[in-house]
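Asks: build me a model from this:
(2 chains)
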There are 2 protein chains.
Amino acid sequence: MDRGAIHARLHRTVGNYAAKGAVDIALWDIIGIALGTPVHRLLGGFAPSVRVSHMVGFAPVGQMVDEARRYRDEYGITAFKVKVGRYPLSLDIELCTALRAELGSDVELYLDANRGWTAADAMRVLDATADLGLTFFEEPDDAKEVLGRRRLVQHSRVPIVADESAPSLGDAAREIQTGGASALSIKTARTGFTESQKVLAYAEAVGVEVIMGNQIDTAIGSTATVVFGAAFAHSSRNAAELSNFLDMADDLSAEPPVIVDGSVAAPALPGVGVTVDPDKLAYYRLDERNR
Amino acid sequence: MDRGAIHARLHRTVGNYAAKGAVDIALWDIIGIALGTPVHRLLGGFAPSVRVSHMVGFAPVGQMVDEARRYRDEYGITAFKVKVGRYPLSLDIELCTALRAELGSDVELYLDANRGWTAADAMRVLDATADLGLTFFEEPDDAKEVLGRRRLVQHSRVPIVADESAPSLGDAAREIQTGGASALSIKTARTGFTESQKVLAYAEAVGVEVIMGNQIDTAIGSTATVVFGAAFAHSSRNAAELSNFLDMADDLSAEPPVIVDGSVAAPALPGVGVTVDPDKLAYYRLDERNR
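Replies: Got it, this is the predicted structure:
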């Protein structure tokens, strides 16, 4: 229960966000199981479910449109994160135009360039897509391009989302405070539940939106994102990136999240709500070198 | 459990911080009792106790020194919040000098003027007390003195604490972001546990210190402050203002906090850890007009 002291010890080592995040989620899981209560409700229990956003990965335009249409028809997903950042810029401008034309005005489209462009090129893309109603633009350029990034944030009507440039509470605050971003991606795989809650409170305090992001999480990690995202008003406002686990050939989870009508329900089980399949754990574990 | 939805409803009414804070603390009490767990541990369980700061109220200098000495000797308290803000300025400058001379360098002394001075006068006091090692200066002038306050914050080596100018998360962020304060007073009586946690996370994110403040709370309110203050590293760093209930002739609590060696232990009872005396509640309640 007394995780404050545990975090103080973890804090003495810098970095290692993913390891610390996993420890924190495991602590919450233990607490929830000990109390016989879903962690989703311990954290706040705001919404029974979260809307899902699907990430459309690089492929020829026709295939990307088909993928989005398939996820909409099969899972009811209406929010899509479009991977961009390619040259020539026209490739991704045409992609965005085609997605909007084919999917209509009722779907949400936002971009993630994973630092693929310069700030100047990102502004060209924003100009060329100004009438497409894009809602967010994640890491358009390298955040280390310090002045270019700030100029981009100042000029963009679309919020610029910090993801890999804001892996911790301190980084998130620094990027927002200094004009390096105007929205934040929160990933439970890197800030667990405890530090994610701080990032979320910071974002709410200063009035910036957040997106629950995905580190190409397994079903277990995706469930953790559902638990956190649904727990608070400010984290459940936007669709959460939850569909990557569908691409995996196998998973440790005995009960992967189920996407119905574009949403995933927060688990009702005590703890984080993940059931690990013992046979799969035995098969995949590396510590006993038994594969 | 699902207090997120309750807060969303409360949020539709502006203001009424004390009422909303009380509802939030009551919700946490219900949750803790239902789970058989102290709320202190549900929140984070960082420290087993918090250090106490005692507020020294207006009186002739000799009496104020005697009061501080008595609280040190009787309760082991070594942190004192000194009420200032009087004219001529020499009154309070002499008071601070006397307190430091009489109590020695091992006690913590900080000021609260409750908007009693102008920014210019507050700077004169800071200059005159520069060698006394004061740690905080709360609401030196009226925060509505917008430019004067910012000039004061810029020039003061002592953190300027926002209290009544920052009664909510949004106000706290606004005052810090715009240079109107460089530290925050958190009062559970006004932001409950849920919003206090957000204010605390914001303060941690941007690197400002917090003091757990007191609304002249009863033993019940003071216990709530102990529960919250001890739960997190960032809220337990400074002494919490907890001794006002000692001045009250009576109280609803059957077991008031006990100050030992200058600290109060977080309650080990499920919930917030307050036991209400039913006879006193019957005597003092106003809704049945039975006095």
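
Asks: centroid residue for chain A?
Replies: Geometric centre of chain A, nearest residue: A:Gly213, 0.5 Å, by C-alpha atoms, centre = their mean.

Asks: with adjacent residues omitted, what lies nearest to it?
Replies: A:Ser185 (3.8 Å; C-beta to C-beta, 6 or more residues apart in numbering or on different chains). C-betas here are computed from N, CA, C, even on glycine.

Asks: please name every helix or strand in contact with the one helix or strand that neighbour maps to.
Replies: Per DSSP states H and E, A:Ser185 falls inside strand A:183-186. The contact analysis (3 or more C-beta pairs under 8 Å, 6 or more residues apart in numbering or on different chains; DSSP states H and E) places strand A:183-186 against strand A:160-162, helix A:169-177, helix A:194-206, strand A:209-212.

Asks: next SSE after it?
Replies: The C-terminal neighbour of strand A:183-186 among helices and strands, as given by DSSP H and E, is helix A:188-191.

Asks: any idea of the mean pLDDT for the longest helix along chain A?
Replies: Counting residues, the longest helix in chain A under DSSP state H turns out to be helix A:17-35. The pLDDT scores in helix A:17-35 average 96.

Asks: before we move on, what about stretch A:65-76?
Replies: 97.

Asks: so how far is it off the chain centroid?
Replies: 19 Å (C-alpha atoms, centre = their mean, to the nearest Å).

Asks: so for that stretch, what gets flagged as buried?
Replies: Buried residues in stretch A:65-76, counted by 16 or more other C-beta atoms under 10 Å in any protein chain shown: A:Val65, A:Glu67, A:Ala68, A:Tyr71, A:Arg72, A:Tyr75.

Asks: and what of stretch A:166-186?
Replies: Buried, per 16+ other C-beta under 10 Å, within stretch A:166-186: A:166-176, A:179-186.

Asks: let me see the ranges of the helices in the stretch 51-200 of chain A.
Replies: For the stretch 51-200 of chain A, the helices defined by DSSP state H, counting those that start in this stretch occupy A:61-75, A:89-103, A:119-128, A:146-155, A:169-177, A:188-191, A:194-206.

Asks: reformat these as JSON lines; add distance to chain B.
Replies: Shown next, in JSON lines, are those (distance: least, C-beta to the nearest C-beta, whole Å):
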{"stretch": "helix A:61-75", "distance to chain B": "25"}
{"stretch": "helix A:89-103", "distance to chain B": "31"}
{"stretch": "helix A:119-128", "distance to chain B": "25"}
{"stretch": "helix A:146-155", "distance to chain B": "16"}
{"stretch": "helix A:169-177", "distance to chain B": "4"}
{"stretch": "helix A:188-191", "distance to chain B": "12"}
{"stretch": "helix A:194-206", "distance to chain B": "4"}
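
Asks: any chance of those in a markdown table, plus distance to B:Leu134?
Replies: As requested, the helices of the stretch 51-200 of chain A are arranged in a markdown table below (distance: least, C-beta to C-beta, whole Å):
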| stretch | distance to B:Leu134 |
| --- | --- |
| helix A:61-75 | 61 |
| helix A:89-103 | 58 |
| helix A:119-128 | 46 |
| helix A:146-155 | 37 |
| helix A:169-177 | 28 |
| helix A:188-191 | 36 |
| helix A:194-206 | 28 |
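
Asks: per-residue pLDDT, A:Leu286?
Replies: 85.

Asks: likewise A:Ala5?
Replies: The per-residue pLDDT reported for A:Ala5 equals 86.

Asks: next: A:Ala240.
Replies: Value for A:Ala240, per-residue pLDDT: 98.

Asks: tell me the bridge partners for it.
Replies: When assigned by DSSP bridges, A:Ala240 has beta-bridge partners A:Val52.

Asks: that one: what's it in contact with?
Replies: Shown in contact with A:Ala240 (C-beta atoms under 8 Å, 6 or more residues apart in numbering or on different chains): A:Val50, A:Arg51, A:Val52, A:Ser53, A:Ile211, A:Met212, A:Asn214, A:Thr225, A:Val226, A:Gly229.

Asks: mind checking how far it is from chain B?
Replies: 16 Å (C-beta to the nearest C-beta, to the nearest Å).

Asks: swap in A:Gly229?
Replies: 12 Å.

Asks: can I assume that residue sits in a helix?
Replies: Yes - checked against DSSP: H, G, I helix; E, B strand; the rest coil, A:Gly229 lies within a helix.

Asks: got a list of what it touches?
Replies: Applying C-beta under 8 Å, 6+ apart, the residues contacting A:Gly229 are A:Val50, A:Met212, A:Ser235, A:Ser236, A:Ala240.

Asks: ditto for A:Met64
Replies: Contacts of A:Met64 by C-beta under 8 Å, 6+ apart are A:Val56, A:Gly57, A:Phe58, A:Val82, A:Leu95, A:Ala98, A:Leu99.

Asks: for the first one, what are its contacts?
Replies: Translated: A:Val56. Residues in contact with A:Val56 (C-beta under 8 Å, 6+ apart) are A:Met64, A:Glu67, A:Ala68, A:Phe80, A:Lys81, A:Val82, A:Lys83, A:Leu99.

Asks: so the residue nearest to the centre of chain A makes contact with A:Lys187?
Replies: Yes - if you go by C-beta atoms under 8 Å, A:Gly213 and A:Lys187 touch, sitting 4.4 Å apart.

Asks: overlap in contacts of these two?
Replies: Residues touching both A:Gly213 and A:Lys187 (C-beta under 8 Å, 6+ apart) are A:Asp163.

Asks: and the pLDDT for A:His11?
Replies: A:His11 carries a pLDDT value of 89.

Asks: how near is it to chain B?
Replies: 8 Å.

Asks: what are the phi and psi angles of that residue?
Replies: Main-chain torsions, A:His11, degrees, to the nearest 10: phi -60, psi -20.

Asks: how close does it sit to A:Arg3?
Replies: 12 Å (C-beta to C-beta, to the nearest Å).

Asks: sorry, back to before: direction included, what does the strand holding A:Ser185 pair against?
Replies: Using DSSP bridges, the strands paired with strand A:183-186 are strand A:160-162 (parallel), strand A:209-212 (parallel).

Asks: redo those as CSV? Include distance to A:Asp131 and mean pLDDT.
Replies: Below are these laid out as CSV (distance: least, C-beta to C-beta, whole Å; pLDDT from 0 to 100):
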stretch, distance to A:Asp131, mean pLDDT
strand A:160-162, 19, 98
strand A:209-212, 22, 98
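
Asks: kindly reformat the ones you listed as JSON lines containing mean neighbour count and distance to B:Val158.
Replies: Formatted as JSON lines, those follow (neighbours: other C-beta atoms under 10 Å in any protein chain shown; distance: least, C-beta to C-beta, whole Å):
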{"stretch": "strand A:160-162", "mean neighbour count": "26", "distance to B:Val158": "33"}
{"stretch": "strand A:209-212", "mean neighbour count": "24", "distance to B:Val158": "35"}
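
Asks: can I get the ones you listed in a markdown table including distance to A:Leu27?
Replies: Below are the strands paired with strand A:183-186 laid out as a markdown table (distance: least, C-beta to C-beta, whole Å):
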| stretch | distance to A:Leu27 |
| --- | --- |
| strand A:160-162 | 26 |
| strand A:209-212 | 20 |
